[in-house]
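below is the sequence, then the predicted model.
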Amino acid sequence: MENRIEKALELLTKKPYLVTMGANTVARRYGYSRQEITEAKKLFYKRRALKRGPRILIFDIETSPMKAYVWKRWKENISLDQTISEWFMICWAAKWLGEEEVYSSCLTPSEIAEEDDKRITEELWKLLDETDIVVAHNGKKFDIPKMNSRFILNGLPPCSPYKQIDTCEVSKKSFGFSSSKLDALATYFGFPNKDKTDFNLWKACLEGNQKALEYMAKYNIKDVVILEKVYIKLRSWIPNHPNAGLYIESDKPVCPICGSTHMELTSDFKYTHASKFKVMRCTDCGGIARVRNNAYPKDKKNSLVLSV
């Protein structure tokens, strides 16, 4: 039985969204007993508690275009009456930062015909509900609001709270690149480029072409792999990066960006309007951080005058 529990644990580790499902449901679907799944869940949570750092999910979605009646190509306001059908999710891909496996799900031709993305939406929701931090390119303007729209329309509640990192936003705010598109950033950093696509791919997917759907899923997966590389390259430059140290038990200073304990004090200081803090640098990701304690002595604090 112990061997079967280990096998069940391996299944939950590969597909963590299964942990949110009932033990009976998982047992029936994958050929285990309820007791085996229950014990595997206990081990899963125990081992995850020992794991260092936040759960960071890199993800991307692909959606269909809307269909509508129009009179011209430019400057057209399309009313609800002109809408033939709304957009829906075609596929999604995601991976946990630092792990090999990429999870993905794509509509079948029959689901395309029905414009029914309920199955893949529920699968994505289960992953998002497990995460502490999500990373998406243009996620704040596209992926996350679009995804939330499909969640509520498919009867799902809000996911558990998570922090957001938008690599497109970071690129625009912190740098002066000629383009902040994911493919452009990949080129600048020497990473593999995205697969080539044009509107004909989306058209073929909407026609239920199986090969087109498979190519779309492959395209989506590669985007996520590239996005992880771009995020790792950019992360030390992200202002107010979610603090990874909050998720790690350590007696040593923890890098708030990558979670490393390889932190070194520098000779520099971070000055605020009324305080002075020692600066540290992470020797793993290169990120900089400041200590929490004010370096000014008490007499300096008492004599400090602020402008109004």
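Happy to help now that I have it. Numbers count the residues shown, from 1 in each chain.

what residues does stretch 13-26 touch?
Contact with stretch 13-26 is made by 11-12, 32, 34, 37-38, 41, 44-45, 101, 103, 123, 126-127, 129-130, as judged by C-beta atoms under 8 Å, 6 or more residues apart in numbering. Where C-beta positions appear, they are placed from N, C-alpha and C, glycine not excepted.

can you give me the end-to-end span of it?
13 Å (C-alpha to C-alpha, to the nearest Å).

in that stretch, which residues are buried?
Thr13, Lys15, Pro16, Tyr17, Leu18, Val19, Met21, Ala23, Val26 (16 or more other C-beta atoms under 10 Å).

would you turn the residues you listed into JSON lines with secondary structure, distance to Lys203 and pLDDT?
What follows is the buried residues of stretch 13-26, written out as JSON lines (DSSP: H, G, I helix; E, B strand; the rest coil; distance: C-beta to C-beta, whole Å; pLDDT from 0 to 100):
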{"residue": "Thr13", "secondary structure": "helix", "distance to Lys203": "39", "pLDDT": "82"}
{"residue": "Lys15", "secondary structure": "coil", "distance to Lys203": "32", "pLDDT": "82"}
{"residue": "Pro16", "secondary structure": "helix", "distance to Lys203": "35", "pLDDT": "77"}
{"residue": "Tyr17", "secondary structure": "helix", "distance to Lys203": "31", "pLDDT": "76"}
{"residue": "Leu18", "secondary structure": "helix", "distance to Lys203": "35", "pLDDT": "83"}
{"residue": "Val19", "secondary structure": "helix", "distance to Lys203": "38", "pLDDT": "79"}
{"residue": "Met21", "secondary structure": "coil", "distance to Lys203": "36", "pLDDT": "78"}
{"residue": "Ala23", "secondary structure": "helix", "distance to Lys203": "43", "pLDDT": "85"}
{"residue": "Val26", "secondary structure": "helix", "distance to Lys203": "38", "pLDDT": "89"}
